[in-house]
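Enquirer: below are the sequence and a predicted model; questions follow.
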Amino acid sequence: MNLEEHLSFGEFHVSNVIKNHICRGSPRQALVLYQGIRRKGVYFPGWVPLLLKACACVIPSVVIGKLLHSESIKFGICSDVMVGTSLINMYGKWGSVVSAGKVFDEMPERNVATWNAMIGGYMGNGDAVSATRLFEQISGCRNTVTWIEMIKGYGKVKEIEKARELFEIMPLELKNVKAWSVMLGVYVSNREMVDARKLFEDIPEKNSFAWSLMISGYFRIGDVFEGTSVFNRVIVRNLVIWNSLITGYAQNGYSDDAIDAFHKMQGEGFEPDAVTVSSVLSACAQSGRLDVGREVHSLIDRKGIDLNQFVSNALIDMYAKCGDLENATSVFESLSLKSVACWNSMISCLAIHGKGKEALEMFRTMESLDTKPDEITFLAVLTACVHGGFLMEGLKIFLEMKTHDIKPNVKHFGCLIHLLGRSGKLKEAYGLVKKMPVKPNDTVLGGLLSACKVHMDTEMAEQVMKIIETAGSITHSDSENHLVSISNLYAHGERWQKAEMLRVEMEERGLEKSPGFSSLILT
């Protein structure tokens, strides 16, 4: 349906469309619709609270949010309680507590939802002192949400005892199933599953959210057995419960179990949603199950499941990891709104298929469309440079990270060191290892040592080995492999005495070279 058709149905229809976009987890589409309508010169004040809610969900939408704020002042609706509360909530979600506080202070009228939004804004940004001050000021009109915002906030800053103390003194008539679930969520989010289990068993009325929290909590700490056990206790299951199980299996690498659970869920009559298909596609990507992945893609089209950023990214990732570059590209090109995650998946997809030049071109296209790259983008494009051997381009891209205020991590440095080593610039690579602001891991050092072997540079290999010896985080097997590499390097360079000395040292340290096996069959 185009803009004219939407507008022909009136304000109420457009409000419902915006609301549906937000409910389906696609707030960006709601904002795109709004921008199109405003270009037509149409404005309805009733949309503002909904649009501000959408802005709160999409952090990059600062410009639109501030524009909505300006328009609410221009059209004289800023003093409306609902609009003011929505503005406080939006600024709080963005981390702009000062702006939220200014709106709060200037409001001529407030209700309990307004106070709750401001308390939530302070707590959400770690300002427990200001939140507590407001909490004490409205002691006479607190509702369940007021208490929940405080408890949830303490949980976020890991003040678990304070959260529990508040929960304990919370009035019994306000302590509903949601309050119990929030306290349970505090324990689960902080991986305190022993305390979570005790609280869970005390909950007078366990809803599906509480069950799913426990299932997800156990999977989050890698306890697949307990997560599955809790799932098996649920008598009446719903889609949320099934999604917790499927997502848990996928996140822990139990891809076959995730796919089996997906099929069982459908067998019990449950229709999958965006969360379900995203998790199953992740499982397909892990296990290379292109057949199931295609089945899920067909289901998405058939059921009209919204291609939000999570689903589209999962589809691209699945096709890429299963070797189907054509379909990965097709999905990517079909998207009207491409998230950073989708760009990242596509750049990675091209890189792993040996199309480094195309990956670099896509990165430049992404930048030209004003899509801000993140640290994953840079890792993907640097990986493409490594696969393609593009040294100069890799160096240039690495330096660009600073202009985007992205601090390189050990993986980014690893790519650059790999590039330098592959190009024979071992001194430069070694110098970078010495100057790295982060501690080099075994992958980085092992890669540099391998480059020394390729270029037959025993002196540099000895220098790298000194760093490895003092790193303190190298395993027994890794140390053995590195020493074997240097021993072989000495042998290739016909430095037999050095090779023999290193072999003796290995024996003294209990690092014996693994024996080789002949392919000859004895008869």
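Expert: Great, that's in hand.
Enquirer: dump stretch 250-266 to CSV, restricted to CA.
Expert: In CSV, the C-alpha atoms belonging to stretch 250-266 read as follows (Å, rounded to 0.1, in the frame of the first residue of the first chain):
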residue,chain,number,x,y,z
ALA,A,250,21.3,-22.7,18.6
GLN,A,251,23.4,-20.4,20.8
ASN,A,252,25.1,-23.3,22.4
GLY,A,253,26.0,-25.1,19.2
TYR,A,254,23.4,-27.8,19.5
SER,A,255,22.2,-27.1,15.9
ASP,A,256,20.6,-30.5,15.3
ASP,A,257,18.6,-30.3,18.5
ALA,A,258,17.5,-26.8,17.5
ILE,A,259,16.3,-28.0,14.1
ASP,A,260,14.5,-31.1,15.7
ALA,A,261,12.8,-28.8,18.3
PHE,A,262,11.7,-26.5,15.4
HIS,A,263,10.0,-29.4,13.7
LYS,A,264,8.4,-30.7,16.9
MET,A,265,7.1,-27.2,17.6
GLN,A,266,5.4,-27.2,14.2
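Enquirer: tell me the spacing between Asn441 and Ile376.
Expert: Asn441 sits 18 Å away from Ile376, taking Cβ to Cβ, to the nearest Å as the criterion. In this view, the C-beta of every residue, glycine as well, is placed from N, C-alpha and C.
Enquirer: let me know how buried Val112 is, in neighbour terms.
Expert: Neighbourhood size, Val112 [other Cβ atoms under 10 Å]: 14.
Enquirer: that one contacts Thr144, doesn't it?
Expert: No - using Cβ atoms under 8 Å, Val112 is not in contact with Thr144; the gap is 10.3 Å.
Enquirer: and Trp101, what helix or strand is that in?
Expert: I think there's a mix-up here, since residue 101 is Gly and not Trp. helix 97-106 (DSSP states H and E).
Enquirer: same question, Lys396
Expert: Secondary structure assigned from DSSP H and E places Lys396 in helix 391-403.
Enquirer: name the surrounding residues that touch that helix.
Expert: 360, 363, 375, 378, 381-382, 385-386, 407-408, 412, 415-416, 419-420, 422-423, 425 (Cβ atoms under 8 Å, 6 or more residues apart in numbering).
Enquirer: of those, which belong to helices?
Expert: Among those, DSSP state H puts 360, 363, 375, 378, 381-382, 385-386, 412, 415-416, 419-420, 422 in helices.
Enquirer: now those in CSV, with neighbour count, distance to Ala56 and pLDDT?
Expert: Shown next, in CSV, are the ones in helices among the contacts of helix 391-403 (neighbours: other Cβ atoms under 10 Å; distance: Cβ to Cβ, whole Å; pLDDT from 0 to 100):
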residue, neighbour count, distance to Ala56, pLDDT
Leu360, 21, 36, 94
Phe363, 26, 30, 94
Glu375, 16, 24, 94
Phe378, 24, 28, 95
Val381, 31, 31, 94
Leu382, 28, 34, 93
Cys385, 26, 38, 93
Val386, 21, 39, 89
His412, 20, 32, 92
Cys415, 24, 36, 90
Leu416, 24, 38, 89
Leu419, 25, 41, 89
Leu420, 23, 44, 88
Arg422, 18, 46, 83
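Enquirer: so which two of those are the farthest from each other?
Expert: Glu375 and Arg422 (22.4 Å; Cβ to Cβ).
Enquirer: secondary structure element for Cys78?
Expert: Going by DSSP H and E, Cys78 is not in any helix or strand.
Enquirer: quick one, what contacts it?
Expert: His69, Ser72, Gly84, Leu87.
Enquirer: out of those, grab the one that's most surrounded.
Expert: Result: Leu87 is most packed of the contacts of Cys78 (other Cβ under 10 Å), 28 neighbours.
Enquirer: ok, it touching Lys53?
Expert: No - between Leu87 and Lys53 there is no contact under Cβ under 8 Å: 10.6 Å.
Enquirer: circling back: now for the helix holding Gly101, which elements pack on it?
Expert: helix 81-94, helix 112-124 (3 or more Cβ pairs under 8 Å, 6 or more residues apart in numbering; DSSP states H and E).
Enquirer: quick one: low-confidence parts of the stretch 151-300 of the chain?
Expert: Judged by pLDDT under 70, the stretch 151-300 of the chain has no weakly predicted residues.
Enquirer: how about the helices of it, start to end?
Expert: If DSSP state H, counting those that start in this stretch is used as the criterion, the helices of the stretch 151-300 of the chain fall at 160-169, 177-189, 193-202, 208-220, 224-233, 239-251, 255-267, 274-287, 290-303.
Enquirer: got the angle between the last one and helix 274-287?
Expert: Taking axes from the mean of the first three to the mean of the last three Cα atoms, to 10 degrees, one finds helix 290-303 and helix 274-287 inclined to each other by 160 degrees.
Enquirer: for the spatially closest residue to Lys411 that is not a sequence neighbour, give me its contacts.
Expert: Closest residue to Lys411 apart from its sequence neighbours, by Cβ to Cβ, 6 or more residues apart in numbering: Leu379 at 5.5 Å. Listed by Cβ under 8 Å, 6+ apart, the contact partners of Leu379 are Lys411, His412, Cys415.
Enquirer: how far away is Leu379 from Gly431?
Expert: Leu379 is 22 Å from Gly431, by Cβ to Cβ.
Enquirer: ok, Lys102 next?
Expert: Distance from Lys102 to Gly431, by Cβ to Cβ: 50 Å.
Enquirer: and for Val129, the neighbour number?
Expert: 8.
Enquirer: name the residues of the helix or strand encompassing it that come out as buried.
Expert: Here Val129 sits within helix 128-137, counting by DSSP H and E. For helix 128-137, a neighbour-count test (16 or more other Cβ atoms under 10 Å) marks Ala128, Ser130, Ala131, Thr132, Leu134, Phe135 as buried.
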